[in-house]
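# Structural data only, the sequence is not supplied:
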């Protein structure tokens, strides 16, 4: 990004966090969702303190979309596409991914029910649920 684009980063992430409050929960029939949107969502919900001392690359495979997050001692970089050498990989369907992001399902429950599978470094996988803090969802009904 240009310097001007970099300066917009905090504002874009604040808008993403705000939007997540209203976007989570039950999806309406006319609403669209693309798992790749999580690339921004992961950055917006990242808990830098929880990632202190962690260096890991997570690859997410949600149906046909693949994206990854590179964690380096409290910082995050998220990108579309596969990681070259992921430390951990999570494969999950869109419906289960939405339930996971709306906090209606934990990663452990998704694995136990077969809705998700994981591979890679056990310590990186154990730390994954603590790395992201989703804002509490808000109701969109009047």
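Ah, there it is. Note that the coordinates shown come from a computational prediction; the quantities given were computed from them, not determined experimentally.
# The helix or strand bottoming out on mean pLDDT in the chain - contacts with which helices or strands?
In the chain, no helix or strand scores lower on mean pLDDT, DSSP states H and E than helix 3-23, which sits at a mean of 76. Contacts defined by 3 or more CB pairs under 8 Å, 6 or more residues apart in numbering; DSSP states H and E place helix 3-23 against helix 38-45. For the C-beta atoms, the positions are set from N, CA and C on the backbone; glycine is no exception.
# In contact with residue 97, which residues?
By CB atoms under 8 Å, 6 or more residues apart in numbering, residue 97 lies in contact with 35, 38, 62.
# The second one - how many residues pack around it?
Applying the criterion other CB atoms under 10 Å, we find 22 residues in the vicinity of residue 38.
# what is the closest residue to it other than its chain neighbours paired to in the beta sheet?
Nearest non-adjacent residue to residue 38, counting by CB to CB, 6 or more residues apart in numbering: residue 67, 6.5 Å away. Applying DSSP bridges to residue 67 gives these bridge partners: residue 60, residue 80.
# Compute the distance between residue 67 and residue 58, please.
Using CB to CB, to the nearest Å, one gets 9 Å for the distance from residue 67 to residue 58.
# which one of those two has more residues nearby?
For residue 67 versus residue 58, the count of surrounding residues by other CB under 10 Å is larger for residue 58: 26 against 21.
# Next one, pLDDT for that one please.
In this model, residue 58 is scored at 97, pLDDT.
# All set, thanks.
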